[in-house]
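[1] What follows is a predicted structure for the sequence shown.
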Amino acid sequence: MKQKRPSIKDIAKALNVSITTISFVLNGKGEERKISKEVIKKIEDYVEEVNYRPNQVAQSLRTGKSKILVFMVEDIGNRFFAKIARIIEEIAYQKGYKVLFCSNENNDKRSRELIRVFHERQVDGFLIIPSAGIKKDIENLIKSDIPVVLADRYFEDLATHQVVINNYEAANKATQHLIDNGFKHPAFITIDTQQIQMLDRARGYRDAVAAAGLQSNILELPFETIQSPEGKQRITELLTGSNEIDSVFFSTNYLTQTSLEIIKDIDPKLIYDLGIVTFDDNEFFKINNPSITAVAQPLQEMGEELMRIMFKLLKANGKEEVPLMQSVLHAELIPRDSSKKK
């Protein structure tokens, strides 16, 4: 016969203390409520002995809070997103929250399904790196008084709480870095998308090239083709064509990693001749030979700022007007061997 799960009432009766006292101890507020260390230890020891676990469903029904947040990213396996996720998870844990992570693969249908599922399960808030076509879905969450904070990208005609970086300035500076180091034919490889962060990076590249009186050369690849033979072939054709390309600026780290393999396949010496800059840094780029110049995003600051905004929204609890919070953080260009003067 299945043993009955102990309730908080059973614990109160067994220890001859009030339910309120037990609740304070279980929520980590024993000392704050002036409960003696002896009583706190007695309760904690007994709870461990009987393997008591709070009924989260009943608790969320009673309080209206699940203590769960969702962080939706493009690809949780990508170092950029995984690093932010780890920062968010740690801050959430310290505040008594848990975080569910999910990847939308830059796919609108998948994004909508994930939002619907987690909304139905009454999570307390959404931190979202949105795919390009889910503006209406974000708007509906906001209208439902669900705390939402966008990261990395946003929708120009939708007022949202958001944390982004100075994509245009960072890309412009990175392109200018190549030009200043003597590269006359820089190409830009990016994603074929209308997402604002990629548009700003492309605009930063174009403006820097135009200001120097040089010719722009942009290759846009659909997200789903990056790892495909078709995508790799288009990168190969750009690098081996008769356009005299002497340097490449990649708009994302995964484009860079894929292209470095292609470059080495074309000619192992080519990687030493090309000027290379990547948007987004990681450990691989530091140890690669040659080391890769990178635009490093402030991941720690980004994660902290996302959670600062989220907890302000959670504290307001939909009962008071919260001023729009839109943070623009600054990325850092880290010059390495791949962009030195040739």
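    Yep, it's here.

[2] Give me the contact list for stretch 289-296.
    Residues outside stretch 289-296 that contact it (Cβ atoms under 8 Å, 6 or more residues apart in numbering): 170-171, 173-174, 177, 256, 260, 271-272, 276-282, 285-286, 331-339. Placement of C-beta: from N, CA and C, glycine included.

[3] Filter the residues you listed down to just the ones in strands.
    Residues from these lying in strands, with DSSP state E as the criterion: 276-279, 332-334.

[4] Low-confidence bits of this structure, can you list those?
    1-4, 54-64, 318 (pLDDT under 70).

[5] related to what we said a few turns ago, right, and the pair among the ones in strands among the contacts of stretch 289-296 with maximum separation?
    Across those, the longest distance by Cβ to Cβ is 17.3 Å; it joins Ile276 and Glu332.

[6] who has more neighbours, those two?
    Each of Ile276 and Glu332 has its neighbours counted (other Cβ atoms under 10 Å); Ile276 has more, 25 against 12.

[7] isn't Pro298 right next to Ile165, touching?
    Yes: under the criterion of Cβ atoms under 8 Å, Pro298 makes contact with Ile165 at 7.2 Å.

[8] can the ones in strands among the contacts of stretch 289-296 go into JSON lines with extra columns for distance to Ala294?
    As requested, those are exported to JSON lines (distance: Cβ to Cβ, whole Å):
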{"residue": "Ile276", "distance to Ala294": "10"}
{"residue": "Val277", "distance to Ala294": "7"}
{"residue": "Thr278", "distance to Ala294": "5"}
{"residue": "Phe279", "distance to Ala294": "8"}
{"residue": "Glu332", "distance to Ala294": "9"}
{"residue": "Leu333", "distance to Ala294": "8"}
{"residue": "Ile334", "distance to Ala294": "5"}
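
[9] List only buried entries from those.
    Buried members of the ones in strands among the contacts of stretch 289-296, scored by 16 or more other Cβ atoms under 10 Å, are 276-279, 333-334.

[10] Of the contacts of stretch 289-296, just the buried ones, PyMOL syntax please.
    Remark: buried members of the contacts of stretch 289-296, expressed as a PyMOL selection using 16+ other Cβ under 10 Å:
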select buried, resi 170+171+173+174+177+256+260+271+276+277+278+279+280+281+282+285+331+333+334+336+338+339
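
[11] which residues touch Phe71?
    84-85, 88, 99-102, 127-128.

[12] Name the residues that touch stretch 10-28?
    If you take Cβ under 8 Å, 6+ apart as the criterion, stretch 10-28 is touched by 8-9, 30, 32-33, 35, 39-40, 42-44, 46-47, 50, 52, 54, 96.

[13] still on that earlier bit, ok, of the ones in strands among the contacts of stretch 289-296, which one's closest to Lys264?
    Ile276 (11.9 Å).

[14] what sits against the closest residue to the closest one other than its chain neighbours?
    Once flanking residues are discounted, Ile276 sits nearest to Ser338: 4.0 Å by Cβ to Cβ, 6 or more residues apart in numbering. With contacts defined as Cβ under 8 Å, 6+ apart, the neighbours of Ser338 are 271, 274-277, 288, 290-293.

[15] Look at Asn243 and say how many residues are nearby.
    Count around Asn243 with other Cβ under 10 Å applied: 13.

[16] Doesn't it belong to a strand?
    No: going by DSSP: H, G, I helix; E, B strand; the rest coil, the assignment for Asn243 is coil, not a strand.

[17] which one of the contacts of Ser338 sits closest to Leu313?
    Val277 (36.4 Å).

[18] give me every residue that touches the closest one.
    Contacts of Val277 (Cβ under 8 Å, 6+ apart): 174-175, 177-178, 247-250, 292-295, 338-339.

[19] after the host helix or strand of Val70, next one along is what?
    Applying DSSP states H and E as the criterion places Val70 in strand 68-73. Counting by DSSP H and E, the element after strand 68-73 in chain order, helix or strand, is helix 79-94.

[20] Could I get the buried residue list for that next one?
    Those would be 79-81, 83-85, 87-89, 91-92, for helix 79-94 by 16+ other Cβ under 10 Å.

[21] Between the contacts of Val277, which sits nearest Ser228?
    For the contacts of Val277, the nearest to Ser228 is Phe250 (17.1 Å; Cβ to Cβ).

[22] Tell me what that closest one is bridged to.
    Assessed by DSSP bridges, Phe250 has beta-bridge partners Ile189, Thr278.

[23] quick one: the strand holding Val70 to helix 79-94, angle?
    170 degrees (axes from the mean of the first three to the mean of the last three Cα atoms, to 10 degrees).

[24] Return the alpha-carbon coordinates of strand 68-73 using CSV.
    This file holds the C-alpha atoms of strand 68-73, laid out as CSV (Å, rounded to 0.1, in the frame of the first residue of the first chain):
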residue,chain,number,x,y,z
ILE,A,68,8.9,29.5,-12.1
LEU,A,69,10.3,31.6,-14.9
VAL,A,70,10.9,30.7,-18.6
PHE,A,71,14.0,31.6,-20.5
MET,A,72,13.4,31.1,-24.3
VAL,A,73,16.5,31.3,-26.5
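
[25] Sheet partners, orientation included, of that strand?
    If you go by DSSP bridges, strand 68-73 pairs up with strand 98-103 (parallel), strand 125-128 (parallel).
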